[in-house]
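Student: From the sequence below, what's the structure:
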Amino acid sequence: MNILDIDHIELYVGDAIAAAQSLCTAYGFRVYGHGGPDTGLPGQRTVLLGQGDIRMLLTSGLHKDHPASQFVAKHGDGVAVTAFRTDSAAAAYAGAVAAGGSSIRQPRTWENDEARVVTAEVGGFGDVVYRLVERHGTADQFQPRAIQMEPGAAAGADEDLLRSIDHAAVCVPAGELDSTVAFHEQVFGFTVIFQEYIEVGDQGLMSKVVQSPSGGVTFTILQPDLSRQAGQIDDFLAWHDGAGVQHIAFLTTDIVHAVRTFAGRGVGFAVTPSSYYDALAARLGATDIALEALRPLGILVDRDHWGQMYQIFAKSTHIRRTYFLELIDRHGARTFGTSNIPALYAAKERELAEIRDTAGTSSA
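Tutor: Predicted structure coming up:
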C-alpha cells in the first residue's frame, strides 16, 4: 500500500453554505466547486473549498437519514472523512481490508473527458471514514460528474497563506490509544514517530504520533489519563460523543503574517502568558522569528533534531467547542518538540476554563 498524502478532508456540517462562507471570510479559502442531487450526489449539498494544496469538502444532508445529518446530530459539525491519496485505490482498499480494515465502499470510478478519479472507503476510528483516492488527468477536476468546478477558482493561489495539511489530532477514549495506534500500523503501515505524556495542571493525557511511510500523513492520537483531573480531552469526548478529530493543523510559511491577517478578520487565537517568552532564550537559544514578533500574537516556538517549529491554536467556533484549527510553520522541524504540545494544550485549557466559568455564571 502506497499512501502519498492527505488528498482532502470532508466535514459534515449543519449548513455547508454558511460554513464555507465562514472559512472563506476568515481564512482566505475559495469556493472551488459544488455538488448535490443535480450533480449525482443525492440527498446532500456539498461545497468544495481550496487554498494552496488544501482541499476541504463541506457536506450537509438534505434529510434526516443522510449520513451527514446523522453525524451532525450525534457529533455536531466535524471531520467525517479523511482522504488518503494513493497510486492505486483498488490495491490500497484490498490491502486495508485484508489487513483487518472494515469495508465501507468498494472502489468506484468517477470520470469525464479530462480526468479519472477512483475512490474507495474503509472504516477509520469512531465514526470517521478513510477514503482512498487515485487521480489521473487534469488537477482541475476534483470528482468528475459529482463536483461541478468553479472556473478560475485557483487564480491567485500564489498568495495563499495556508499551504497544506500538516497533521490531524485525534481524541480517543481512555484505553483505546494503543489499539488505535495498532490499527494504523497493521492496516495502513504507519509507524510511531513520537510519543509524550502531557501534564496540564492537574490533568494528564498521553499522546502518540503515527505517520505514513511517505511522511505525507501524520496523526497525533490523544487519550485522557482517568487517574488525573478531567480536562479538555474528556470534554471533547463528552461533547463530541465519542472519538473524533479534535483539530486540523494547516502548514504556513509565514505564521506571523498569517496570524495577523486572520486575527484582523475576526479569528480568535489561544492566549499565551508573556512569562512563556521570558524563558525561551534560555531554553531554545536564538529563534528564527524574533520574540518581539511572537509575544503579542501568542505564537509558540519549539525545536526537534532538524529545526524549529512555530504553532498556535485558533479558538473553536463550534457550538460544542470541539473541532478547531491550528497553524504551524516548520523551519526544518520534522516532528514535534517536547515543550510546544504541553504549552498548546495549556493555552487551550485557559480558553475552555473561561467558557466553563461563563457557563457556570450564566446558570447561577
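Student: how about the helices of the stretch 151-300 of the chain, start to end?
Tutor: 177-188, 232-240, 255-264, 275-278, 280-284, 291-294 (DSSP state H, counting those that start in this stretch).
Student: Please work out which of those is packed deepest.
Tutor: By mean neighbour count, with neighbours taken as mean count of other C-beta atoms under 10 Å, helix 232-240 ranks first of these at a mean of 21. Every C-beta, even on glycine, is put in place using the N, C-alpha and C of the backbone.
Student: and the helices of the stretch 151-300 of the chain as a markdown table, adding distance to A333 and mean pLDDT?
Tutor: Below are the helices of the stretch 151-300 of the chain laid out as a markdown table (distance: least, C-beta to C-beta, whole Å; pLDDT from 0 to 100):
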| stretch | distance to A333 | mean pLDDT |
| --- | --- | --- |
| helix 177-188 | 22 | 98 |
| helix 232-240 | 24 | 94 |
| helix 255-264 | 13 | 98 |
| helix 275-278 | 18 | 88 |
| helix 280-284 | 12 | 85 |
| helix 291-294 | 15 | 95 |
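Student: how about those in CSV, adding distance to D15?
Tutor: Below are the helices of the stretch 151-300 of the chain laid out as CSV (distance: least, C-beta to C-beta, whole Å):
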stretch, distance to D15
helix 177-188, 31
helix 232-240, 19
helix 255-264, 22
helix 275-278, 37
helix 280-284, 42
helix 291-294, 36
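Student: Please identify which of the ones you listed is closest to G332.
Tutor: helix 280-284 (13.5 Å; C-beta to C-beta).
Student: Show me what that closest one is packed up against.
Tutor: strand 300-303 (3 or more C-beta pairs under 8 Å, 6 or more residues apart in numbering; DSSP states H and E).
Student: elements contacting the strand it packs on?
Tutor: helix 280-284, strand 308-313, helix 340-363.
Student: what are the pairing partners of that strand, and which direction each?
Tutor: strand 308-313 (antiparallel) (DSSP bridges).
Student: tell me how far the partner strand is from the chain's mean position?
Tutor: 15 Å (C-alpha atoms, centre = their mean, to the nearest Å).
Student: Which SSE is immediately downstream of it?
Tutor: Going down the chain from strand 308-313, the next helix or strand is strand 324-331, by DSSP states H and E.
Student: Lowest mean pLDDT among the helices and strands, pick that one out for this structure.
Tutor: Across the helices and strands of the chain, mean pLDDT, DSSP states H and E gives its lowest value to helix 340-363, namely a mean of 67.
Student: residues in contact with the most centrally placed residue in the chain?
Tutor: Central residue of the chain (C-alpha atoms, centre = their mean): I248, 2.0 Å from the mean position. By C-beta atoms under 8 Å, 6 or more residues apart in numbering, the residues touching I248 are I9, V79, I165, A168, A169, L325, E326.
Student: Once you drop chain neighbours, what's closest to the last one?
Tutor: Taking C-beta to C-beta, 6 or more residues apart in numbering as the measure, E326 lies nearest to A249, with 3.9 Å between them; neighbours along the chain are not counted.
Student: D241: neighbouring residues, count only.
Tutor: The tally of other residues near D241 (other C-beta atoms under 10 Å) stands at 16.
Student: quick one: pLDDT of it?
Tutor: We note a pLDDT of 98 for D241 in this prediction.
Student: Quick check: it touching K74?
Tutor: Yes: if you go by C-beta atoms under 8 Å, D241 and K74 touch, sitting 5.4 Å apart.
Student: Pop the domain breakdown of the protein in here.
Tutor: Here the chain is described, according to automatic domain parsing, as comprising the domains 3-158, 164-363.
Student: now the spatially closest residue to Y277 that is not a sequence neighbour: how far from T272?
Tutor: Closest residue in space to Y277, ignoring its immediate chain neighbours: R295 at 4.7 Å, by C-beta to C-beta, 6+ apart. Distance of R295 to T272, given as C-beta to C-beta, to the nearest Å: 8 Å.
Student: Compare these two and say which one has the larger neighbour count.
Tutor: T272 (21 against 16).
Student: In this structure that one contacts L291, no?
Tutor: No: counting by C-beta under 8 Å, T272 does not reach L291; the two are 11.7 Å apart.
Student: sorry, back to before: now the weakest link among the domains of the chain, please, by mean pLDDT.
Tutor: Ranked by mean pLDDT, those end with domain 164-363 at the bottom, a mean of 91.
Student: And that domain, how far out from the chain middle?
Tutor: 11 Å.
Student: Equivalent analysis for stretch 50-66, please.
Tutor: Computed by C-alpha atoms, centre = their mean, the chain-centroid distance of stretch 50-66 equals 14 Å.
Student: Okay, buried residues for that stretch please.
Tutor: Of the residues in stretch 50-66, 50-61, 66 count as buried by neighbour count, 16 or more other C-beta atoms under 10 Å.
Student: just the residues you listed now: which is nearest G126?
Tutor: T59 (17.4 Å).
Student: Verify the stated contact: the closest one with I9.
Tutor: No: between T59 and I9 there is no contact under C-beta under 8 Å: 11.0 Å.
Student: sorry, back to before: near the residue nearest to E326, how many other residues are there?
Tutor: Neighbours of A249 (other C-beta under 10 Å): 19.
Student: Please report how far it lies from D329.
Tutor: 11 Å.
Student: and for these two, which residues touch both?
Tutor: Counting by C-beta under 8 Å, 6+ apart, the shared contacts of A249 and D329 are Q311.
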